[in-house]
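>>> Can you look at this prediction? I've put the sequence above it.
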Amino acid sequence: MTKDAWLVVGNGAIGLLWASKLRQLEQPVTVLCRSDVPNGMLTVEDLDEEGSQRQTQYDVEFITKEQLEGKYTKVLLCTKAFDLVAAYLDVRKHTKKRGLIATLCNGLGAQHALIPHLKKQQNLWAGITSEGALKLDSDRVKKTGNGDSFFGLLNQSDTNLYGELFPYPDVQCQNIERRLIEKLAVNAVINPLTAIFSIRNGQVLEAPVKPLFDAAIEELANVMKEDSFKFKTIVGDITSEQLSMRIANVARLTAMNCSSMYEDVRHHRRTENEYISGFFHRETPSTATPLQDAFYTALNDQENLEEHKKKLLAMC
Ligand SMILES: NC(=O)C1=CN([C@@H]2O[C@H](COP(=O)(O)OP(=O)(O)OC[C@H]3O[C@@H](n4cnc5c(N)ncnc54)[C@H](OP(=O)(O)O)[C@@H]3O)[C@@H](O)[C@H]2O)C=CC1
Ligand SMILES: CC(C)(CO)C(=O)C(=O)O
């Protein structure tokens with residue numbers, strides 16, 4: 001049986017937020033939950049046009065893996081990078097062979113790792129978002145910052161049901177790899193700094209962290225121009241001023257948000273370090289990204305964060 005509803009995989013902050021966005025378009029939505037399956041409505045807290053708090057309810061179907069049936073033509077995977085491939089494999093037999101698979105996760109690596117597992121005629125739409133969201137409960141999310149979202153084709157088949165059109169308005173882009181790397185840079189600066197220094201996004205623009213923020217941006221802009229950087233042809237033209245404006249803008253728009261990595265550290269959960277600073281640690285020469293290397297090391301050694309904070313502050 002073909003299912004026309006979107007299957008959103010993961011009732012985390014981004015999965016719940018996107019389930020509501022799809023419902024706003026009057027698309028039927030099923031949300032697959034790994035644990036904690038709610039049985040009521042989805043509630044989204046955000047601000048209205050006057051800036052007052054409001055709550056909106058959406059009727060989405062929450063299900064467990066055991067309740068999956070039929071074959072979905074549109075799947076949106078909203079897990080952390082390290083869960084992405086396993087989440088797809090969990091639902092694979094309930095995906096239509098000419099359907100689309102979309103991802104919304106930070107970092108780089110997991111999206112490409114998914115490609116060999118796809119059914120031959122499935123299109124992979126990689127997505128990124130700079131909206132901020134905080135999960136309050138298994139059926140409740142708070143929107144904590146405005147931002148933009150983009151989806152682009154990472155893997156394409158000629159005979160896909162949706163062809164080259166992503167069935168959500170105003171998010172489609174041509175060069176998704178460039179967007180993914182730009183977003184990787186945003187996360188490689190904001191996420192480790194907020195997680196290591198226990199601060200909200202907006203505080204990366206304040207003392208004592210601001211000099212580290214500036215130095216981390218300079219470091220990334222320089223490494224993207226290195227011949228040895230494998231995505232140089234895609235992002236080598238980005239200047240440190242452009243990168244700085246972009247990242248500072250995200251920090252301002254999500255100023256009150258705790259980044260997803262800070263949330264993970266606070267709740268003693270696994271972080272996306274391997275897919276963010278770990279990407280630069282592995283993919284660039286050993287002396288090219290001392291700050292990313294230091295972030296990577298600090299996040300892998302959270303028992304000694306105080307020591308790492310001192311070392312980092314001394315680096316600028
Ligand atoms: N939160 C934010 O403000 C932003 C987050 N992002 C990125 O979006 C992605 C998602 O982040 P976020 O929503 O915050 O993360 P969360 O940890 O809140 O949510 C991830 C969800 O995926 C679920 N999940 C994992 N594997 C499976 C599976 N096999 N089947 C079903 N569900 C599964 C988890 O289940 P369980 O509850 O059991 O762990 C969890 O609910 C990350 O890459 C993040 O970096 C991007 C921009 C902003
Ligand atoms: C955009 C930002 C920085 C929002 O917090 C994010 O991507 C995250 O938290 O992972």
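Received, thanks. Residues are numbered from 1 along each chain as shown. Ligands and ions are numbered 1, 2, ... in the order given.
>>> Which positions in stretch 138-148 come out as buried?
When burial is assessed from 16 or more other CB atoms under 10 Å, stretch 138-148 yields the following buried residues: 138-145, 147. Bear in mind the C-beta positions are built from the backbone N, C-alpha and C, glycine included.
>>> neighbouring contacts of it?
For stretch 138-148, the surrounding residues in contact (CB atoms under 8 Å, 6 or more residues apart in numbering) are 11, 13, 16-17, 20, 33, 36-38, 40-47, 62, 129-136, 201, 250, 253-257.
>>> Dump the buried residues of stretch 138-148 to CSV, plus secondary structure and pLDDT.
Putting the buried residues of stretch 138-148 into CSV (DSSP: H, G, I helix; E, B strand; the rest coil; pLDDT from 0 to 100) gives the following:
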residue, secondary structure, pLDDT
S138, coil, 98
D139, coil, 98
R140, strand, 98
V141, strand, 98
K142, strand, 96
K143, strand, 95
T144, strand, 90
G145, strand, 88
G147, coil, 92
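>>> Can you pull the residues of the stretch 1-150 of the chain lying near ligand 2?
106, 130, 132, 147 (CB under 6 Å from any ligand atom).
>>> Also near ligand 1: which of the residues you listed, exactly?
Restricting those to those adjacent to ligand 1 (criterion: CB under 6 Å from any ligand atom) gives 106, 132.
>>> Show me what from the stretch 151-300 of the chain comes close to ligand 2.
Within the stretch 151-300 of the chain, the positions lying close to ligand 2 (CB under 6 Å from any ligand atom) are 187, 190-191, 201, 250, 254, 257, 259-260.
>>> how far does the helix or strand in which L76 is found sit from the chain's center?
Using DSSP states H and E, L76 falls within strand 71-77. Taking CA atoms, centre = their mean, to the nearest Å, one finds strand 71-77 lying 18 Å from the centre of the chain it belongs to.
>>> swap in stretch 94-108?
So, by CA atoms, centre = their mean, the centroid of stretch 94-108 is 14 Å from its chain's centroid.
>>> What separation do you get for S130 and C316?
Distance of S130 to C316, computed by CB to CB, to the nearest Å: 25 Å.
>>> Mind checking which of these two has more residues around it?
S130 (22 against 14; other CB atoms under 10 Å).
>>> looking at it, that one is touching R252, isn't it?
No: with contact defined as CB atoms under 8 Å, S130 does not reach R252; the gap is 11.2 Å.
>>> how about the strands of the stretch 51-200 of the chain, start to end?
For the stretch 51-200 of the chain, the strands defined by DSSP state E, counting those that start in this stretch cover 53-58, 61-63, 71-77, 95-104, 123-129, 132-137, 140-145, 149-155.
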